[in-house]
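Engineer: with the sequence up front, the predicted model follows.
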Amino acid sequence: MVRIRDDDSSEDEAPPSERTSQPPAAAPEAEPEPAAAPEPAAAPLPPAAAAEDDSSDEDDDVPLSKRKAVENVITAKPQPAAPSPKPKANGNGVAPPKPAAAKAPAAPKAAKAAKAPASPKAKEKKKPKYSESSADDDADSDSDYDKKPAKKQKKAPAKPSAKGGGGGDDAGTSYGDRWYEEVDGSEWKRGGVKWKTLEHGGVMFPPLYTPHGKPFYYDGAAVPLTAEQEEVATMFAAMRETDYAKKETFQKNFMEAWRPLLKKTDEGKPVKKFDKCDFSAIAAHLEEEKARKKEMTKEQKAEAKKEKDAAEAHCVFALIDSRKEKVGNFRVEPPGLFRGRGEHPKMGKLKARIWPEDITINVGEGAPVPAVPDLGDGKRHRWGDVVHDNTVTWLAKWMDSINGDVKYVMLAANSSWKGMSDLAKYEKARELKKHIGRIRADYMKGMKNPDMEAQQKASSSARRRAPRPAPPAAVAVYLIDRLALRVGNEKNTDEEADTVGCTSLRVEHVFLDEGDNKLRLKFLGKDSIEYDATTDIIPEAYKALKSFVKKKKPGDQVFDQVNPTELNDYFKHFMEGLSAKVFRTYNASITLDAELRKTEQMVSARQRAAEGDVVALMAYYNIANKNVAELCNHQRATPASHANAIAKMDEKIETLKAELKELKKAGSGKERASPSPPRPPRPTRPGGTPRPRPVEAMTKRISKMEADRRNKDETKNVSLGTSKINYNDPRVTVAWCKRFEVPIHRPFPKTLLAKFTWAMSVEPDYEF
DNA sequence: CTCTCTACTTAGTAAATCCAGT
DNA sequence: ACTGGATTTACTAAGTAGAGAG
């Protein structure tokens, strides 16, 4: 059970997976509690013996280069020399690292100073609320990661210097500004001032189309195409083996987009029917191109990459209040056929090419406006607009031709802006811990509210205290809380795929006949990912739901009258800034925390001995991660190679087991002679028949193999990444790594490490 | 209020890269 | 050293939700 920090109530705070209501994620089949999971095959040796020789092994799999990176991320001092305070107007002044005296003020602080009268107070909470001990702990905790001595320093800390003109720093290691030591996230507000100075290199445009001249056939006859026509034909040819290309909607939309282009030059013989189109020659050409690319030598590839990097270098970084920050998506989206998810009515439409004239640049008032690149079409282009809006974080934007929605160019995930916002998100979610008891109590009462008919509205914000939701709103909140559903904003089904969330659930998505107090929901959620789970729910909710679906048609809304805005207004009564999505973050993170707190019980010594500490621990971490992913219904397509891979593993396991048997039989006596045999150099020999190895090594290998197999199968269609990136408070993971001496790069690959720099110095006993 | 606009987070998949087994 | 599968990153679609307009 999670210990409760500064909380009054002893309300049920258990994460969903620990409550009576069964974990929502998976299908009806009972989810194996982690407890049931990894049990190593019987280890014939005393664990201790096996454990002994393990550590070296484990160290080996820690690439030192990476470890170095980790260290950098954690300990990197703020670059003492900030870039020049006022770069001169040279269009790409962002690139070269410039020396300067000016100390960079953290953006949000500036923001606060600028607008918040509360700024003196803010100063006091310099240090993150939840980290009890002070600045020096930083160094301490860092050293946790160095316990395993960095023995062989393969590479000197050589920087991958001067990558392009970009200033020569690898992602995430040297922007220097430790904003997270100054702020606690609370100052990150929409509409607030985000920067004082902003300078950047604009955007990169995709290359113009180069015609290949390969024939297109219609009804058996070659139809010559202009470059413009060929471009679109080629887009389709490139996709013709995908599922999209086989869908009627896609074909129809594609033809509707393409035909008008064709008309311009068509004489009398219109290309009309999709079925008569033959793109095979073009497709063959694309294949060839791909093959040619593949055949390039290593040097050629490196050369090409170098050129590309050089061309983009000026866009890679932005200079914000004298901090150098990485830009995320500075490449303008190329034209193409729209790939909407699910049954999207617009799939196959032509997404138009974006020109400088379509783009609005946001840049500091005094800063140079980024140069409009030469697109190579012989025309002089200009930006559509240039603005200086310091209340937003986008550097450029344009309107997308498919849905008319705005696309933004923003900073990368490792930037301080994203980091602050991330920190604020998790602090908000932690704050919910303090209020969740009241909220749950309130919606429980709400469900029993007799004036069901009266109105389904949550409560008007005019009502100041004790908001009491009407039953429907109460049930909706219950589902958002316990099943981690999204709120479900309204959608336009003519223009978008038909997907729903909590408030937009329809009668046809709800099944109440699976048993008493069992709720089955089956619907398409975000990205048209199916949610299909049966959950034990409280009788009050069950009863209420029955009444909500009564006398309604399948297509009717279950929660008519309940809408996201009202729910969010209602949430505001309990906590500032509380909205429906916070519940997902809260539930995800608290689940991860709770699961990881069981590590000692769940990862047996035997297991650790057999598989190695880090391996066993990470296997458990992944199980915890998986539980969160299932809670949030994060899915992925089963990898095509899955069945194959499993079969292979089974085969391998069998082989190993047979070998083990042999080994035992053969070496029964002497094998054990020396208690700790000096580790022979890894017998990596070519050829098949493995030289006999110590029994314990073989056993270890088998258990690892089996653990891997189990893991792979259980996660074949669970996407772990999404929760790791967006829902799990990284400090939970970092603290766990510190407690169990797991290298942080095991759960967090390079980019996540960079993204979560702000979380690295957390105390080992951090609690979500 | 309701509806639309805006900005930002969250999401799965395609492409690129890595890496382990031959 | 190669290669194919696994892992990681890039890409961009699809959500949420606050703010502003009507």
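Structural biologist: The structure has been received and is ready for your questions. Numbers count the residues shown, from 1 in each chain, chains lettered A, B, ... in the order given.
Engineer: contacts, neighbours, all on C-alpha from now
Structural biologist: Fine.
Engineer: report the next helix or strand after the particular helix or strand that has A:K324 in it in sequence order.
Structural biologist: Assigned by DSSP states H and E, A:K324 belongs to strand A:323-326. Remark: after strand A:323-326, the chain's next helix or strand is strand A:336-337, criterion DSSP H and E.
Engineer: which strands and helices lie in contact with the following helix or strand past that next one?
Structural biologist: Downstream of strand A:336-337, the first helix or strand assigned by DSSP H and E is strand A:350-351. Applying 3 or more Cα pairs under 8 Å, 6 or more residues apart in numbering; DSSP states H and E, we find strand A:350-351 packed against helix A:248-263, strand A:336-337.
Engineer: re the thing from before, relative to the strand holding A:K324, what are the paired strands and their orientations?
Structural biologist: strand A:317-320 (antiparallel) (DSSP bridges).
Engineer: circling back: distance from the strand holding A:K324 to the middle of the chain?
Structural biologist: Distance, stretch centre to chain centre, for strand A:323-326: 22 Å (Cα atoms, centre = their mean, to the nearest Å).
Engineer: so that strand, near DNA strand B or not?
Structural biologist: No: on the criterion Cα under 7 Å from any atom of the strand, strand A:323-326 is out of touch with DNA strand B, staying 13.7 Å away.
Engineer: tell me the mean pLDDT for that strand?
Structural biologist: For strand A:323-326, mean pLDDT rounds to 94.
Engineer: can I see the domain layout of chain A?
Structural biologist: A:16-59+A:589-664+A:692-759, A:418-578 (automatic domain parsing).
Engineer: ok, which of these comes nearest A:V223?
Structural biologist: A:V223 sits nearest to domain A:418-578 of all those, at 33.0 Å, using Cα to Cα.
Engineer: check the offset of that closest one from the chain's centre.
Structural biologist: From the chain centre to the centre of domain A:418-578 is a distance of 24 Å (Cα atoms, centre = their mean).
Engineer: also stretch A:650-666?
Structural biologist: 40 Å.
Engineer: can you list contacts of it?
Structural biologist: A:692-695, A:698-699, A:702, A:705-706, A:709 (Cα atoms under 8 Å, 6 or more residues apart in numbering).
Engineer: of those residues, which belong to helices?
Structural biologist: Counting by DSSP state H, the contacts of stretch A:650-666 place A:695, A:698-699, A:702, A:705-706, A:709 in helices.
Engineer: lowest-confidence one in these?
Structural biologist: Within those, pLDDT is lowest for A:M705, at 73.
Engineer: quick check: pLDDT value at the nearest residue to it once chain neighbours are set aside.
Structural biologist: Nearest residue to A:M705, sequence neighbours excluded (Cα to Cα, 6 or more residues apart in numbering): A:I653, at 6.8 Å. Listed pLDDT for A:I653 reads 81.
Engineer: that older thread, just send the ones in helices among the contacts of stretch A:650-666 back as JSON lines, with distance to A:M255 and neighbour count too.
Structural biologist: As requested, those are arranged in JSON lines below (distance: Cα to Cα, whole Å; neighbours: other Cα atoms under 10 Å):
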{"residue": "A:V695", "distance to A:M255": "65", "neighbour count": "23"}
{"residue": "A:M698", "distance to A:M255": "60", "neighbour count": "19"}
{"residue": "A:T699", "distance to A:M255": "60", "neighbour count": "23"}
{"residue": "A:I702", "distance to A:M255": "55", "neighbour count": "24"}
{"residue": "A:M705", "distance to A:M255": "51", "neighbour count": "19"}
{"residue": "A:E706", "distance to A:M255": "51", "neighbour count": "20"}
{"residue": "A:R709", "distance to A:M255": "46", "neighbour count": "18"}
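Engineer: can I get the residues you listed in TSV with distance to A:F236?
Structural biologist: Output for those, formatted as TSV (distance: Cα to Cα, whole Å):
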residue	distance to A:F236
A:V695	57
A:M698	52
A:T699	53
A:I702	48
A:M705	43
A:E706	44
A:R709	39
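Engineer: which of those residues lies closest to DNA strand C?
Structural biologist: Nearest to DNA strand C among the ones in helices among the contacts of stretch A:650-666: A:R709, at 9.6 Å, using Cα to the nearest atom of the strand.
Engineer: now do the contacts for that closest one.
Structural biologist: By Cα under 8 Å, 6+ apart, the contact set of A:R709 is A:646, A:649-650.
Engineer: so which of the helices and strands packed on strand A:350-351 is the most packed in?
Structural biologist: Of all the helices and strands packed on strand A:350-351, strand A:336-337 carries the top mean neighbour count, a mean of 20, counting by mean count of other Cα atoms under 10 Å.
Engineer: is that one anywhere near DNA strand B?
Structural biologist: No: residues of strand A:336-337 contacting DNA strand B under Cα under 7 Å from any atom of the strand: none, with a closest distance of 11.3 Å.
Engineer: would you mind checking the average pLDDT for that strand?
Structural biologist: Strand A:336-337 comes out at a mean pLDDT of 96.
Engineer: contacts made by it with the rest, please.
Structural biologist: A:232, A:235-236, A:254, A:347-353.
Engineer: how about 6 Å then?
Structural biologist: Strand A:336-337 has contacts (Cα atoms under 6 Å, 6 or more residues apart in numbering) with A:348-351.
Engineer: which among the residues you listed end up buried?
Structural biologist: Buried members of these, counted by 16 or more other Cα atoms under 10 Å: A:348-351.
Engineer: which pair of those residues spans the longest distance?
Structural biologist: Largest separation among the buried ones among the contacts of strand A:336-337 by Cα to Cα: A:G348 and A:K351, giving 8.7 Å.
Engineer: pull up the overlap in contacts between these two.
Structural biologist: A:337-338.
Engineer: what strand or helix carries A:E289?
Structural biologist: helix A:280-295.
Engineer: identify each buried residue in that helix, please.
Structural biologist: For helix A:280-295, by 16+ other Cα under 10 Å, it's A:280, A:282-283, A:285-286.
Engineer: skip the chain neighbours and tell me the closest residue to A:D405.
Structural biologist: A:M399 (5.7 Å).
Engineer: shouldn't that neighbour be in contact with A:V409?
Structural biologist: No: using Cα atoms under 6 Å, A:M399 makes no contact with A:V409, being 11.6 Å away.
Engineer: who touches the helix holding A:E289?
Structural biologist: With Cα under 6 Å, 6+ apart as the test, helix A:280-295 has contacts from A:214, A:237.
Engineer: and that helix with DNA strand B, contact?
Structural biologist: No: applying Cα under 7 Å from any atom of the strand, one finds helix A:280-295 separated from DNA strand B by no less than 8.9 Å.
Engineer: helix or strand next in line after that helix, which one?
Structural biologist: By DSSP H and E, the next helix or strand past helix A:280-295 is helix A:298-316.
Engineer: sorry, back to before: would a markdown table of the helices and strands packed on strand A:350-351 with distance to A:E540 be doable?
Structural biologist: Shown next, in a markdown table, are the helices and strands packed on strand A:350-351 (distance: least, Cα to Cα, whole Å):
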| stretch | distance to A:E540 |
| --- | --- |
| helix A:248-263 | 43 |
| strand A:336-337 | 48 |
